[in-house]
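Asker: Provided below are the primary sequence and the corresponding predicted coordinates.
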Amino acid sequence: KGLGGHGATPHLTRDPVVAACGIATALQTIVSRNHYAQDDLVVSVTQIHTGTTDNVIPETAYINGTVRSFDKEVQAMVIRRMEQIVAGQAASYDVSATLEYEKGYPATVNTPEEAGFAAAVATEIAGEDRVIADNGREMGAEDFSYMLEKRPGAYLFIGQGDTAGLHHAAYNFEDEIAPVGASFFARIVERAQPLGAK
């Protein structure tokens, strides 16, 4: 929050737009300067909302984004650094700022045995050349992570070829792949809970 005013007299304002840009830029140093490079961490500023017209410096600006990591200690470091950066940048621009950090989904971590089982079933359905059993870690969030914190299991992706990725404006689910996914789910149940098993 700053002090709005006319765009022709910025010296009479405390500009939250410039402060928001400074905070967004400074947040990127958390990844590049505050954590070990081999630990997975993403800090993405995804929104800056401010102003309503071209000749008025607004009173407020809103910044939003997401943080992804696999380590709760890394997340704690990010929160600490965000608090410092937001407070320090706000002071340097003579505005006030409040950080609201919401802890979302935990990391989605497959258990090795269940992931191997699922990959074996997928291979039965699609063929070995169409299954990537170890694709490495990804930073996407998924509510299935809560289940994996309580029970062993695996989260898999069903591929659709060389298409636009999820959340991309051009993404279009390839309906022709649906029978493959349905066959996978049916087969995994057959293998995990065969008829006649006690």
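Answerer: On my side now, so go ahead.
Asker: flag the shaky bits of this protein, pLDDT-wise.
Answerer: 197-198 (pLDDT under 70).
Asker: show me where this structure has helices.
Answerer: 16-27, 29-33, 72-92, 112-126, 144-150, 178-192 (DSSP state H).
Asker: quick one: which of the ones you listed is nearest G51?
Answerer: helix 16-27 (6.6 Å; C-beta to C-beta). (Each C-beta comes from the backbone N, C-alpha and C, glycine too.)
Asker: distance to G4 and mean neighbour count added to the helices of the chain, as a markdown table?
Answerer: Compiled in a markdown table, these are given as follows (distance: least, C-beta to C-beta, whole Å; neighbours: other C-beta atoms under 10 Å):
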| stretch | distance to G4 | mean neighbour count |
| --- | --- | --- |
| helix 16-27 | 8 | 20 |
| helix 29-33 | 28 | 13 |
| helix 72-92 | 16 | 16 |
| helix 112-126 | 53 | 17 |
| helix 144-150 | 42 | 13 |
| helix 178-192 | 52 | 13 |
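Asker: how about JSON lines for these, with distance to P58 added?
Answerer: Formatted as JSON lines, those follow (distance: least, C-beta to C-beta, whole Å):
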{"stretch": "helix 16-27", "distance to P58": "6"}
{"stretch": "helix 29-33", "distance to P58": "26"}
{"stretch": "helix 72-92", "distance to P58": "16"}
{"stretch": "helix 112-126", "distance to P58": "49"}
{"stretch": "helix 144-150", "distance to P58": "38"}
{"stretch": "helix 178-192", "distance to P58": "47"}
